[in-house]
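Undergrad: below are the sequence and a predicted model; questions follow.
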Amino acid sequence: MKRAGFQYEYKYAGLVDIGSLRQDNQDEVVLAPEQGLFAVSDGMGGLVGGKESSAYVKKAFPLVAKNCIPLLDNASAEEAAGILRESVQMISDGLYRQGNTYKYFRYGATIVGVLLHGNRAVFVCLGDSRGYVLPKYKKDPVQITQDMNVAGYLVRKGQMSKEEALISMYSSQLTAFVGMPVPATPETFVVEVKPGDRILLCSDGLYGLVPEREMAQLMRSSRSPKQVCQNLIDAANAHGGRDNISAVYIQILNGGEER
């Protein structure tokens, strides 16, 4: 696959699994390869509209972004990031106005997305779903996005380790999310990518259970992107599968299939 606005070819897949313990699924994946656009959304547990919120993101994100694609033709990566950030803000503010107030929330979800643009991956995040890049010759994936929850804030302040954050009660307390009070505050991150690099978008049902070194090994476990996603999901279930699990995997190529 190759998008006109991206320098390299790529292959991709995305899968969602209910997990081992949940009774319903509130995760969604967005696959819009013609636009070079991919995302994961996780409906917020405890809200009556969590499932509807992630479904809203799945429908709205590619539509809003598609309208912005003509603006990207001559845009720099930083300008593309601004367009992506405004798109997610628009989606979040629209969801908030559908039924949330400052005191009562019916709707809420996370989103982590990536746009392949030029020779860069432009990530956007609102919530605590994550975006990773696994460079070709590295053993560990690099977390590109920041967790928008209290635990993530404490990690950035040096008051908690990343390992402690995964099991902390504060990890479930989001500081920003799709459907938050307007205006929403999505963050964007621009990174250069090269052939052989791998990108992973995932919900906390995956990264909260599978160690990052194991995730990296699984991202290299098959030539098939769909099988990589399945291997990641199987690993999360093997570690307990206490939440819904979603994964979008992208491998950057250069004229032919690489591993």
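TA: That came through, no problem. Residues are numbered from 1 along each chain as shown.

Undergrad: who's in contact with the closest residue to residue 31 other than its chain neighbours?
TA: Spatially, and ignoring its direct neighbours in sequence, residue 31 is nearest to residue 14 (5.0 Å; CB to CB, 6 or more residues apart in numbering). C-beta coordinates here come from the backbone N, C-alpha and C atoms, glycine included. By CB atoms under 8 Å, 6 or more residues apart in numbering, residue 14 lies in contact with 29-31, 38, 40, 201, 229, 246-249.

Undergrad: 6 Å - rerun?
TA: The contact partners of residue 14, taken as CB atoms under 6 Å, 6 or more residues apart in numbering, are 29, 31, 248.

Undergrad: what's across from the last one in the sheet?
TA: On DSSP bridges, the residues paired with residue 248 through beta bridges are residue 14, residue 201.

Undergrad: repeat that for the first one.
TA: Listed beta-bridge partners, residue 29: residue 40 (assigned using DSSP bridges).

Undergrad: count of neighbours near it?
TA: 21 (other CB atoms under 10 Å).

Undergrad: any idea of the pLDDT on it?
TA: In this model, residue 29 is scored at 98, pLDDT.

Undergrad: I figured it hits residue 246, correct?
TA: Yes: Residue 29 lies in contact with residue 246 (CB atoms under 6 Å); the separation is 5.5 Å.

Undergrad: can you check which residues contact both of these two?
TA: Joint contacts of residue 29 and residue 246 (CB under 6 Å, 6+ apart) are 16, 40.

Undergrad: three-state assignment of the spatially most distant residue from the centre of the chain?
TA: The C-alpha centroid of the chain is most remote from residue 103, which lies 27.3 Å away (CA atoms, centre = their mean). Secondary structure assignment for residue 103 (DSSP: H, G, I helix; E, B strand; the rest coil): coil.

Undergrad: and it, what pLDDT?
TA: 82.

Undergrad: swap in the one 3 residues further on?
TA: Model confidence at residue 106, expressed as pLDDT, equals 92.

Undergrad: likewise for residue 69?
TA: pLDDT, read off for residue 69, is 70.
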